[in-house]
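Novice: sequence first, then the predicted structure, then my questions.
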Amino acid sequence: MSSSYGGTSAFDRLRARLDGRSRACEECGFVDEEGGWKAVTSGATVEYRRECPSCGTDHVRRYRL
């Protein structure tokens, strides 16, 4: 089943939702039009990471499963 955010798995849909939000860095304000979120899971959590190419700040969103 697909949703308005695209993708077939819950992980794909959450990544699409994160990608649809503001891409401005929370630290320096740089807007990264090219970057996206990378997902890693441990089985108990899923962690989405994105690094600002301007200042190097690592943005993390962590969800417990």
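Specialist: Here it is on my side, so go on.
Novice: thought Ala39 was touching Phe11?
Specialist: Yes - look at Ala39 against Phe11 with C-beta atoms under 8 Å: they come within range, at 5.8 Å. To be clear about C-beta, it is placed using only N, CA and C from the backbone, and glycine gets the same treatment.
Novice: hey, what's in contact with both of the two?
Specialist: When contacts are counted by C-beta atoms under 8 Å, 6 or more residues apart in numbering, Ala39 and Phe11 have Val46 as shared neighbours.
Novice: could you export the worst-scoring helix or strand of the chain on mean pLDDT as CSV, CA atoms only?
Specialist: Counting by mean pLDDT, DSSP states H and E, the chain has its least confident helix or strand at helix 10-19, which shows a mean of 84. What follows is helix 10-19, C-alpha atoms only, in CSV (Å, rounded to 0.1, in the frame of the first residue of the first chain):
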residue,chain,number,x,y,z
ALA,A,10,7.0,2.3,6.6
PHE,A,11,10.7,3.3,6.5
ASP,A,12,10.4,4.6,3.0
ARG,A,13,7.3,6.7,3.9
LEU,A,14,9.0,8.1,7.0
ARG,A,15,12.2,9.0,5.0
ALA,A,16,10.0,10.7,2.3
ARG,A,17,8.2,12.7,5.1
LEU,A,18,11.5,13.9,6.5
ASP,A,19,12.8,14.8,3.0
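Novice: hang on, Val31 packs against Cys52?
Specialist: No - Val31 is not in contact with Cys52 according to C-beta under 8 Å; the separation is 9.9 Å.
Novice: which one of these two has more residues nearby?
Specialist: Shown here are Val31 and Cys52; by other C-beta atoms under 10 Å, Cys52 has more neighbours (20 against 11).
Novice: ok, the closest residue to the more buried one other than its chain neighbours - contacts?
Specialist: Leaving aside its chain neighbours, Cys52 sits nearest to Cys25 (4.1 Å; criterion: C-beta to C-beta, 6 or more residues apart in numbering). Going by C-beta under 8 Å, 6+ apart, Cys25 touches 31-32, 52, 54-55, 57, 59.
Novice: cool, Phe30 as well?
Specialist: Residues in contact with Phe30 (C-beta under 8 Å, 6+ apart) are 24, 52-55.
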